[in-house]
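> A predicted structure for the sequence below; I have some questions about it.
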Amino acid sequence: MATTRRVVPFAELGRQDVGRVGGKNASLGEMTAHLAAAGVRVPPGFATTADAYRELLDSHGLRVRIEEQIVRLHDGAVLDEVGAAIRSLIMAEPLPAGLRTELVSAYEQLASDQGREDPEVAVRSSATAEDLPQASFAGQQETYLNVRGPAQLLQSCHRCFASLFTDRAIDYRERMGFDHLAVALSVGIQVMVRSDLAGAGVIFTLDPESGFPEVIVVSAAWGLGETVVSGQVDPDEHTVFKPSLKDPALDPVIDVRIGAKRKKAVYGEHGLTRTVDTTGEERSQRVLMDTEVRLLAEWAMTVEEHYGYPMDLEWAKDGLTGELAVVQARPETVQSRRRTTTLRRCRLTAARGRA
């Protein structure tokens, strides 16, 4: 009989593992295993499996008690009361001993690989439904940043499990007709990129407005990437012409727009973040140099070619090391499904120097 694995390093995962660790963690594994040799930098980490989550639900009748709360919801109970009750039930149930042991062991191995004690990690939720490939659970569960040490790691993972039953997640599954207990949750633990001290953003391997496939659009803002992902800030935007990327002698950055960048997300307390105002200097300056934009675009094109379809990536820059990294990649699901009907004409009026 095969031993149940509760925790698996990214390097041992791939896109075939969506049902096991969710799309987010499966994609990180795919890039770690197959694109590192091509130069794409992904911070190392590991993920808990759907089996680990189900083991928690099978502890001391927790699954049955959650089902009782869902029945209450269907009988007319208020959503926020039911959600709070389920989250309390999950937080009151200790994580299984085997899961705790594997999480701490994987974290200690990560610390050893990094050569430092108690490295800061990001702890992100990735919902998965093996029999529901059409489901999209993005943005419904919690993320905790700047998590240090085994105790904080275990607490953050536990809170991620409970966040499968946020009010918005329950409401989404109700509206979509999904069985709440058919959805599992994987937790991804990844070495932190200190973008709170630099910047972060998103990359589309096509024009997100028109769907034009021959460009890559790189957005950038100061601080952690959540302000860009959530649309809270007006970021810098760089348009890169894909054919020019293939010639080192050409400058592929064909358009740069400086965004207002009035806010940035930085570390808060207890693994949470807070939003602060940017300085006047930050608002007027570019977050990325042309050389950095080109590198990110090259990585994005490598990822797109590997997957075989347009991609939506998140990147971050470490303010301590100056290194760039890809921290998430998913299929682009909006413009790539539309017909390209917008014509945009550009004229090069002058050569632009490299930044």
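Noted; the coordinates are in hand. Numbers count the residues shown, from 1 in each chain.

> Pull the residues that contact the helix or strand containing Trp315.
Taking DSSP states H and E as the criterion, Trp315 maps to strand 311-317. Strand 311-317 is contacted by residues 193, 195, 198-205, 218, 224-225, 229, 287-288, 292, 296, 299-300, 303-304, 323-333 when judged by CB atoms under 8 Å, 6 or more residues apart in numbering. In short, each C-beta sits where N, CA and C put it, glycine included.

> And the nearest residue to Leu62 once chain neighbours are set aside, how far from Gly115?
Sequence neighbours aside, Glu93 is the residue nearest to Leu62 in space, at 5.1 Å (criterion: CB to CB, 6 or more residues apart in numbering). Counting by CB to CB, to the nearest Å, the gap from Glu93 to Gly115 is 36 Å.

> Looking at these two, which one has more neighbours?
Higher neighbour count among Glu93 and Gly115: Glu93, with 18 against 7, using other CB atoms under 10 Å.

> Pull up the gap between Ile189 and Phe241, please.
37 Å.

> The two: who's more crowded?
Applying other CB under 10 Å to Ile189 and Phe241 shows that Ile189 carries more neighbours, namely 26 against 17.

> Regarding that one, what is its secondary structure?
What DSSP: H, G, I helix; E, B strand; the rest coil gives for Ile189 is strand.

> Report the contact partners of it.
Applying CB under 8 Å, 6+ apart to Ile189 gives the contacts Gly45, Phe46, Ala47, Leu103, Ala106, Tyr107, Leu110, Val121, Ala122, Val123, Leu153, Cys157.

> same deal with Glu117?
By CB under 8 Å, 6+ apart, the neighbours of Glu117 are Ala111.

> Repeat that for the one 4 residues further on.
If a contact means CB under 8 Å, 6+ apart, then Val121 has Gly45, Tyr107, Leu110, Val147, Arg148, Leu153, Ile189, Gln190, Val191, Met192 as its contacts.

> one more time with 6 Å
When contacts are counted by CB atoms under 6 Å, 6 or more residues apart in numbering, Val121 touches Val147, Ile189, Val191, Met192.

> Tell me how far the first one lies from Ile189.
According to CB to CB, Val147 and Ile189 sit 8 Å apart.

> which neighbours do the two share?
By CB under 6 Å, 6+ apart, the residues touching both Val147 and Ile189 are Val121, Val123.

> pLDDT below threshold where in the protein?
Applying pLDDT under 70 to the chain picks out residues 1-2, 129-140, 271, 334-355.

> Could I get the full set of helices for it?
For the chain, the helices defined by DSSP state H cover 18-34, 50-57, 62-74, 79-92, 97-114, 149-162, 167-176, 226-229, 242-245, 280-284, 290-307.

> Indicate which one of those is closest to Thr4.
Minimum separation from Thr4 across the helices of the chain (CB to CB) falls at helix 50-57, 5.0 Å.

> Show me which residues of that closest one are buried.
Buried residues in helix 50-57, counting neighbours by 16 or more other CB atoms under 10 Å, are found at Ala50, Ala52, Tyr53, Glu55, Leu56, Leu57.

> swap in stretch 32-43?
Buried residues in stretch 32-43, counted by 16+ other CB under 10 Å: Thr32, Ala33, Leu35, Val40, Arg41, Val42, Pro43.

> Can you tell me how far the fourth one is from Glu30?
Distance of Val40 to Glu30, given as CB to CB: 11 Å.

> Let me see the domain layout of this protein.
Listed by automatic domain parsing, the domain ranges of the chain are 7-191, 195-337.

> Against Ala169, how distant is Phe178?
The gap separating Phe178 from Ala169 is 10 Å, by CB to CB.

> These two: which has the busier surroundings?
Of the pair Phe178 and Ala169, Ala169 is the one with more neighbours under other CB under 10 Å, namely 22 against 17.

> could you measure that one against Met192, distance?
25 Å.

> Isn't Val123 up against Val147?
Yes. Between Val123 and Val147 there is a contact at 5.1 Å, judged by CB atoms under 6 Å.
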